[in-house]
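*Asks:* Pasting a predicted model and its sequence here:
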Amino acid sequence: MSTITAHVEQANEYKSLKDKVVVITGASSGIGRAIAIEMGRQSAKVVINYLGKPDAAEEVVRDIENDHGTALAIEADVSKSDQVQHMISQTVAQLGRVDVLVNNAGIEKESPFLEKPESDFDMVIAVNLKGPFLCTQAAARDMAKRRKGTIINISSVHEDLPFPGYSAYCAAKGGLRMLCRDLALELAPHGVNVINVAPGAINTPINERTLSDPEKKLALKREIPLGRVGEPQEVAKLVCYLASDDASYITGTTIVIDGGLMHQTGSL
Ligand code: NAD
């Protein structure tokens, strides 16, 4: 390897992720999967949280281990406090502590507001808003013991941007915006940073219906100044930076990663 190549490779890796214990919720697909793989590549010890489909979670573990990383799959429904407690206590028992929590698990349910079933509203709020509350509380209690830790919430441009048909999703992500700001203040004295990452349209299973329809995909791309949908790896690189000690002065704010979408819609 030439000296220049070695330097470039070194610069691409945030050394401070080495051996950090990172819990990522909903990490068996999409953005969570990409974050897990990138964290593993950067020598963090990664907990792959998943719900159902254990094969997909085990595949992420294998990918990380094949790349000489350390990973562990733990099933837990983020909306259930007993399962969340178990996930965090298992992490501490097996890997020693929690340094970084990425609240990534999320669901969408589309329907016009006048017809939206109460059960859909409850479910979206339970996973997308109560989930981060429960996981953050469990992880931050461990982080507070060492007065150091980072919570990263995968929010959405829809923490600000209205999205007809997705009232529960928007309410949950809007709530996550305030949860981030509030917890940043409450947890700062405990040495814990809280940051939201707000992706625009990213190429993952959650967008399958839109992205598999050529007309809908074209209409979406026309709304994005960069003219394309983002890739999960692009979000993963940002999250790795925010999880590193290089980002130690960032807390209580949202970092938008959307190819310019929010400006196009006048929402930022
Ligand atoms: P995805 O469907 O691939 O990932 C969501 C993951 O959450 C899945 O692995 C799913 O199994 C898991 N999950 C769902 N309910 C759970 C629960 N109760 N407990 C534990 N895990 C659960 O889609 P994605 O796009 O990768 O979504 C990840 C996050 O990114 C979500 O919070 C989503 O709102 C957010 N986001 C995505 C986009 C996008 O365009 N893809 C844009 C903005 C924000």
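*Replies:* Arrived safely, thanks for sending.
*Asks:* Now the residue of the stretch 101-250 of the chain found nearest the ligand: closest residue in space that isn't a chain neighbour?
*Replies:* Distances between the stretch 101-250 of the chain and the ligand by CB to the nearest ligand atom are smallest at residue 106, namely 2.2 Å. Quick note: C-beta positions are derived from backbone N, CA and C, even for glycine. Nearest-residue entry for residue 106: residue 128, 4.9 Å, with adjacent residues in sequence omitted and distances by CB to CB, 6 or more residues apart in numbering.
*Asks:* So that neighbour is in contact with residue 104, correct?
*Replies:* No. With contacts counted by CB atoms under 8 Å, residue 128 stays clear of residue 104, the gap being 10.5 Å.
*Asks:* Near residue 233, how many other residues are there?
*Replies:* Residue 233 has 15 neighbours, counted by other CB atoms under 10 Å.
*Asks:* Residue 172 now?
*Replies:* 28.
*Asks:* Which strand or helix spans it?
*Replies:* Assigned by DSSP states H and E, residue 172 belongs to helix 167-187.
*Asks:* Show the subsequent helix or strand relative to that helix.
*Replies:* Downstream of helix 167-187 (by DSSP H and E), the next one is strand 192-199.
*Asks:* can you list contacts of that next one?
*Replies:* By CB atoms under 8 Å, 6 or more residues apart in numbering, the residues outside strand 192-199 that reach it are 31, 136, 140, 143-144, 148-157, 159-160, 173, 176-177, 180, 183-184, 187, 230, 235, 238-239, 242, 247-248, 250-258.
*Asks:* now, which of those residues lie within helices?
*Replies:* 31, 136, 140, 143-144, 173, 176-177, 180, 183-184, 187, 235, 238-239, 242 (DSSP state H).
*Asks:* List, out of those, those positioned next to the ligand.
*Replies:* residue 31 (CB under 6 Å from any ligand atom).
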